Structure formats: structure tokens, C-alpha cells
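Student: Please find the sequence and the predicted model below.
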Amino acid sequence: MMEMPVVPFLIIFPVVMACLMYVARAENVRRVLAFCGAIVIMGASIVLAVQWFMNGKEVMTLYHETEVADHCILVAEILLMCVVTFLSFKYRKYWISLLSIFPTCAMVWYELAESGKNQQFLLRSNISASVAAIDPACHIYIDRLTILMCLIIGIIGGLIAIYAIGYMQGYHNHHKDVENRSHYFMMILFLFLGAMYGFVLSESLLWIDFFWELTSVCSFLLIGYTREKEAVHNSFRALWMNLFGGCALAVGIIYFAISERTVSLHVLVKMGEEGNNIATIAIALIAFAALTKAAQLPFSTWLIGAMVAPTPSSALLHSATMVKAGIYVLFRLSPAMHGTTTGTMIAFVGGFTFLITSLMAIAQSDGKKVLAFSTISNLGLMVACAGVGHPETIWAGVFLMIFHAISKSLLFQDVGATENSLHSRDVEDMHGLIYILPRLGMFMFIGIAGMFLAPFGMLISKWSALRASVDERNIILVLFIVFGSATTSLYWTKWMGKLVSHTHLTEAKMNDVTKPTEMISLSVHAVMMVLLCMLFPLLSTIYVSPLIKDMFGEAAGVLPDNILIMLVAIILLVFAVPIISFVYSRKMTFNRKGAYMNGVNTGDDRSFVDSFGERKTLWLSNHYYKDLVGSRKLMKPSQIFTLSVLIVMLVIIIGGAIV
Amino acid sequence: MTNMTQILLVVGYILLAPLIGGLLDGFDRKISARMQRRVGPPLLQPFYDVIKLFSKQVIIVSRSQIFFLLSYFVLIVLTGAMFFAGTDILLCFFVMSTGATFLYFAGMVTSTPYSTMGANRELIQMLAYEPAVLLTCVGFYLAEGTFNVGEIATSKYSAIMYLPGFFIAFVFILTIKMRKSPFDLSTSHHMHQELVKGLTTEMGARNLAIFQVTEWYENVFLLGVVGLYIINKSYYSLIAVAAVILVTYFLEILIDNTSARVKADTMIKLSWGVTIFTAGINLIILMIIK
């Protein structure tokens, strides 16, 4: 087997870039550096994918002897703990430091005192053949899921970094009150990418734990970028929730490692599949940790609070990194969760989050908040898919993840760029955006269409999620999906309607201040979105179905041929109709009339004279039902509900496994 | 189903659906008039109306409305065509809701008060009927083990044997989908009400004609779904299908004429309540026995 130098490069290069960003204080130099760095990262991800394909698309296990790397990680882990402790004390949130000190100390203790005994694993006789077939000593594991994650992180993350170059310039131009620390921002951005690569490439649970903590801390630093009171408050909320998850992760890992003498993720999953009690407990704890990272209820508030940070960080947290880490772990564990109490717990929490947060999204008018709630809601669906653990649901989940990553990144960047031009990110102010800022309006339209309209893939994924949950006889999940789909359509359609409505403002266009780098990133995203919609049946056959086969040993026969043909027909139609109707309406002769106003239209359709002879101006607004489904009303009860469900279920799982 | 019957059904739907839909509309007006002790228009009046609309001068508020209306038209026709071709029912409904989204855009794009109000309410109507529509598909899948319309239609027993609760929920939301009172929130029959003609206020001439014809296509498709509950592989079941469809349609007319419009939140509560109660209980029982 060939050694892949691109693997350590992917982890180390972003870290080097991070250092460079911090050192390069001259704006111009830093911009060029960041641009090149992002391109290199994207390129390296593609190189990894290509190399792996050339090597025969086999599962690869690498790095069996890693003493130096282990020591480096140990030191870095302690360093991370010091950073968290320092900042916790600085901002007087002393108790949060405990959440970092405890797992780090446990890890260090394990590493120094216990890990030496891992050789015993190989000598054990009571392990089954399928477990023994796994290489327990490797630290890096590459299969289709890894490659997919690397491509998402590399391409989307790289584009976000490019976008950030231009965005931070515009951001500091109209946020004069915030100290310009772009170098620091870019540093964390790149560090984050490195951490994510490490996370998805690692097979060793100890490494996974370190990179997990690193992403938590990175997101904490990004959210607190502005150092404003609200930002600091929200960043610490994100920190404690994620570190809390990290504690569960560390406990799960160490418990498993001490009992079974191995830290291999795949051994854990295999043992879980075979019903090993210790693995069951570890999986329950790790899955619980993944819920915090994927911002599921009751831990959703950290992701909503995260939007105080500049847009690139939101785009990064919501699409390519952070939350996807939680989903990735759940996908890895899903074969072991199928049909277990843990699976039921995860599926329930995911489904519930899908429905409730999509309801809350209806009540939001702040564009970024709608996006935040919709992220949580969509993640809920993915989590539910993972919890069911059926090949079909994982197929759906993987597609949801791909579509979500691209369209969310596109939407966040677009809302950010719109905010810089429009000076508002409120959906109400985006009335007629397609006419006043045509390019940004169009991109937004594509992004939203990708999230829910047929023939875009999101819908197909929902469809197979529904079918699989019916197959699994999971009544609750069926109801969650059915009602959640309806509410999801509502808030997206509402937003899209705002975009296409004729404008309130009579002046034709606004000044589009979007920087070239932002435009590059947005255009690439939009093109990828459209391509993905058109090629997704192909993607399913050549990539995602084999991925499912890797994981479950059986392919998911998800899309019958006639459906594929229908899909292609619909896709052609949806793209053809605008062109045909455009030609049709060109030739049409018509007279224009004023709108019916129930009063005398003053001529521009924007105001009328009422029966008292008074002039009234027209202003149109969407429904929000804040009193009915507002997050103030729903958040607390649903948090309490899910928390109690989690506690009860965890007690049942752990108790059942121990007794 | 053979390819030949598939093609025949699809062509039949595309050609005949507007005729059937228009005729049903004519009966609707006639029966409604009799219920109100009026004589009512001739049976073919809907056709005369549409023909006249097509020949009228085009006067519009917004140029792009026609684009959205045409998309709506094409997608709804596609929905019906897919249904009668015997493909996946879930996919049919997905295309239908995409079509409905385009109708919403057609209302929103004008940016005028009554049209926007109607469009917003249309959206709420979608929210009200969508769960029941999706559950209908789930029901068929559980009862017959497939989403394929062709296989469902040629099964041994009528689906309604397993799905009485789903059927009630579907008929209930049919009133919303057909925009009949008490759920005619987005377009009202009468001009002189708080929302004027709602969604269709700013549609004139050809645009209104397109909207009208699309509605006929849609009604035929929806009644087709009602028929799908009844049909089985025996040819005699077709008589039962026709009978049930006519009774359902009459029921819609009766409800339309005997009830007053409700508020949006009442509609949601009612439709979701009925959906959960009837379809939900049916679902639980079905999952246990099947």
C-alpha cells in the first residue's frame, strides 16, 4: 500500500496557513496569501480524492506507528486546555474551564498510563471474526465517506475562505466600532479547516477527541470575534455546550478503551453491531456528544447565537464544518445504532428537532435567523436518518448533507453580501431583491430552490427518508417528517415570494458593493448547486450507493429507473419553462393597468387615495405568527422535553447495558 | 399496466381533463344555483367564459405573472400525466406542490394588496393540506407495499379497505385544495368581500383563463386520487370509482354552499386535527396489522 503524503498535508497545511495569516499583518499580502492558500486546500482535497480513486477505491488504513504525532497531539491538547482555562478566567466564567480540564486530564492520564496496554487487544481470543478483520492499530482511515467529507470541507471551506477575504474588508468598512482583527479571523478560519480534516480522517478515537475539542474551541473563538457583550455571551454558550458534549465523548472513549483495550472507531462500531454492552454504552455517549455538535435540541441555542459573528464564520459553522462533524460521527455510528435504543433516541430527538425548529423558523424575519433555524431543522432530519440506521436513510442523509452544505454556504454568503449592500438582512427588506440587486437575488433564489423545491435533491432525500421510516415502522418519525416537510416549505416559499415581488422602491437598482472574491465564491456555489441537481442521479449510482455498500455491506436500491427518468424529465421541464415563457411573453402585446387598491390608485401602484381623500402608502409584509410559533414560546418547553427524553433514554441504555 | 394503456391514459388525461373539469364546474354552478333557488347558468357556461377570456385584450399589472402561471400550468398537467401514467404517487404530489408554489409566486409577483393577501393565504392552505397529502402516500405504501400508482390500481383489494381514515383526511383537505368554502381563503367566489378575488384579483384575460384551465386539470387529478382509493383489478370497480367520485364532488358542493369562510388558524387546526385523528389512528392500526 502506498503512503499518501497528501493526508498529513491536508491537516498540517491549514495550520501553517493559520500561522501565516497571523504573522502577515499587511492587508494586501495577507489577501494574496489567503487566496492562494484556499486554492491549495481545494486542490489538495481533489488530489486526495483522485489519488484514492486511482488506487482502486479500496478502504485505506494508514499510520500505524505514530509516536511523534501522538506526543504532538498530547501537547496540543494541553495547550488547548490552557487557552480555554485562560479565557474562562478572563471573562469570569470559571466553571466552563472545568469542562475542558476534566476531559483533557482524563485523556492525558489514559495516554500516559493506559495506552501501553493496547497490545493486549490483539492477543484476545474472544473477539469475533469480523472485528478481528479490522486493522485496530491504524490512525487514519480513508473510505468513500472520508473522501466525501474532505471534498466538502476542502471545496466549500476553501470558497468560504476566499469569500471571507473580500467580506472582512466590507465588514470593517461599515462596522467601524469593531476592532479590525482580520488576521486573527483568517487564522481561526484556516485552523478550523485543519481541525476538520483531522477529524474526518482520524480512525483513532483519541485523535478524534482532540480534533473534536479543537473544532469546539475554534468555533468559540470565531463567534466571539467582535468582543461585544452579546458575542462574548453567545460564544461562551457555544463553548460550554460543545465542551459538555466533549466530556461525554471523552468518557465514552476512555470507558471503551480501558475495557476493550482498543481505540479504533471501526472496532467500536463493529462491536456495537454485535451487541457488545460496553460498545453500546460508548456509542450512546458518543452519539449524545454528536447531538451537541449538530446543535440538536436541547442544545440548539448555541448555533442560533453563533450568528452574531461575521458571516463567513456562520457560513463555515453551518455548512462545511462544525455541525457536519456531528453528522459525520452519527453516520459512522449508524450501522451500530440500527434497531437499538440509542438509535431510537437519536431518531426521536432528530425528528422532533426537525419539526419544532422548522416551526420556529416560520416566526423569524431576520434572514440569518431563518437560515440558522433551517440548518438545525435540516440537521434534525439527517440525525433522524442516522438514528434509523437503515441503508436507505443513510443514502438520504448523505444527499441531504451534500445539498445542505452547498446551499447553506451559498445562502449565508449571499445574505452577508446582501447585508453589505442593502444594510439589512431582514427578509422583509428583501422585497423585490431580484430587481434591485439582480445577481444576489438570483443566487439567493437558486440557493433556496436547492433547499426544498422539486426536482432539487433535498426533496428526493426527504422522500427516501420517509419511505425508509415507513419500512422501519417508525410512526413517530413518519409524522415528524410529514408535518415538518409542510412547515419547511412554508418558510422557504415565503422568503422566495418576497424576492420575486415587484419592488416597493421606485428607484430601479441599488449599488451592489459585492467584492470580486465574494462574487467568485458565490458564482461557483451557484454553478455547483445547479450541476448537482442535474447530475445527482449519476452521483447516486457512481458514488453514494457504493458508499452505502461500504458501510452496510448491501447497496440501497433507492431510486428505481423509471423514477430517474421522470426526474430527468422534470428537471428539463423546470429549466425549459422559463425560457419558453420568456419567449412567449416577449411576443405578447399587452396593456398595463394599475393595481386594484380599493381606492384611487395614484398611478405607481404604491399608494392610493382612500374614501376620505387621504393618501395612503402601501406596504406589504409576510405572515410570521410570532405569538403562535415564536422561538420565545416554543424553545424552552421543547428544550425541557428533549432533555428529559435524553436523560431517561440514556439511563435506560446505560443501566440496561450494565445490569 | 401495459405501455399502450399508459399512453392512452396520459393522452386521454391531457385532452379530456379540461373537458371533464369544465363540465364538473358547470354542474357545480348549476347545482349550487339550485341549492340557492336560482336557475343558474347553462351547463357549458365555464367553457364560454374561458373562450371569451382567451379572446379578450391582454391587460396586466405585471409582465412576469404569465411566466409563473405557465409554469404552474405545465407542472400541474405534468402531475396529472405522471399520475395517469401510473408512476410514483409521492413524486406526483411533490410536483404538484412545486406547481402550487409557482401559483403563489404568480400572486406575489404583482406586489398588489389583494393579490398578495390571497397568495399569503394560499401558502397557509398549502401548510394545511400538505401533511394529509403526504400521509395519503404513506397510507398507500403501507396498504399495497408500493408507491407505484399502476400497482396500487391493479391490486386485489381496494385500498380504502385498509385506509378509511386516510380517505376521510384526504376528502377533508380536498375542500382546501379545491378552494371551496369554508376554506376558500385565497380566492373567494364573490367580489364584494374582504379579499376581493384574492390570488386572482390581478389576473385578467388569458392569465385568468390559464388559471381556470389549470384548476380543471388539478381537480381531475385530485378526483383521480379519490378514485385510486376505490379501484382494484376488477373492472366492475370502475363503476364504484365513478360513483364515489361523483358523491365526493357533490359533497364538496354541498359543503361549499352550507358553510361560511373560516379564519386561517381555524383551518390549520381543523385540517391538522382531522389529519392526525383519522389518518394518524389509521396509520397506527395499519402499522400493527401489516
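Tutor: Yes, it's here. No experiment lies behind these values; they were computed from the predicted model shown.
Student: Show me chain A divided up by domain.
Tutor: A:1-119+A:130-334, A:338-588+A:638-659, A:589-617 (automatic domain parsing).
Student: Could you dump the ones you listed into CSV and include distance to residue B:37, mean pLDDT and mean neighbour count?
Tutor: Any C-beta I mention is one placed from the backbone N, CA and C, and that applies to glycine too. Below are the domains of chain A laid out as CSV (distance: least, C-beta to C-beta, whole Å; pLDDT from 0 to 100; neighbours: other C-beta atoms under 10 Å in any protein chain shown):
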stretch, distance to residue B:37, mean pLDDT, mean neighbour count
domain A:1-119+A:130-334, 57, 87, 21
domain A:338-588+A:638-659, 40, 83, 21
domain A:589-617, 31, 80, 14
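Student: need those domains in TSV with distance to residue B:69, can you?
Tutor: Putting those into TSV (distance: least, C-beta to C-beta, whole Å) gives the following:
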stretch	distance to residue B:69
domain A:1-119+A:130-334	35
domain A:338-588+A:638-659	9
domain A:589-617	14
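Student: So for residue B:202, which of those domains sits nearest?
Tutor: domain A:589-617 (6.4 Å; C-beta to C-beta).
Student: Any residue of the helix or strand of chain B at the bottom of the mean pLDDT ranking touching chain A?
Tutor: Lowest by mean pLDDT, DSSP states H and E among the helices and strands of chain B is strand B:59-60, with a mean of 79. Yes - for strand B:59-60, a contact with chain A is found by C-beta under 8 Å from any C-beta of the partner chain, at B:59-60.
Student: Give the next helix or strand downstream of that strand.
Tutor: Where DSSP states H and E defines the elements, the next helix or strand beyond strand B:59-60 is helix B:65-84.
Student: gap between that next one and the chain center?
Tutor: 13 Å (C-alpha atoms, centre = their mean, to the nearest Å).
Student: just stretch A:92-100 next, same as before
Tutor: Remark: stretch A:92-100 is offset 26 Å from the chain centroid, using C-alpha atoms, centre = their mean.
Student: which residues sit against it?
Tutor: A:80-81, A:84-85, A:88-89, A:213, A:236, A:239-240, A:243-244, A:246-247 (C-beta atoms under 8 Å, 6 or more residues apart in numbering or on different chains).
Student: Pull that stretch out as PDB, backbone CA atoms only.
Tutor: The C-alpha trace of stretch A:92-100 is given here as PDB (Å, rounded to 0.1, in the frame of the first residue of the first chain):
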ATOM      1  CA  ARG A  92     -15.100  35.200  34.700                       C
ATOM      2  CA  LYS A  93     -16.900  32.000  33.500                       C
ATOM      3  CA  TYR A  94     -14.700  29.900  35.800                       C
ATOM      4  CA  TRP A  95     -16.800  26.800  35.700                       C
ATOM      5  CA  ILE A  96     -16.500  26.400  32.000                       C
ATOM      6  CA  SER A  97     -12.800  25.700  32.300                       C
ATOM      7  CA  LEU A  98     -13.700  22.600  34.300                       C
ATOM      8  CA  LEU A  99     -15.400  21.200  31.200                       C
ATOM      9  CA  SER A 100     -12.100  21.400  29.400                       C
END
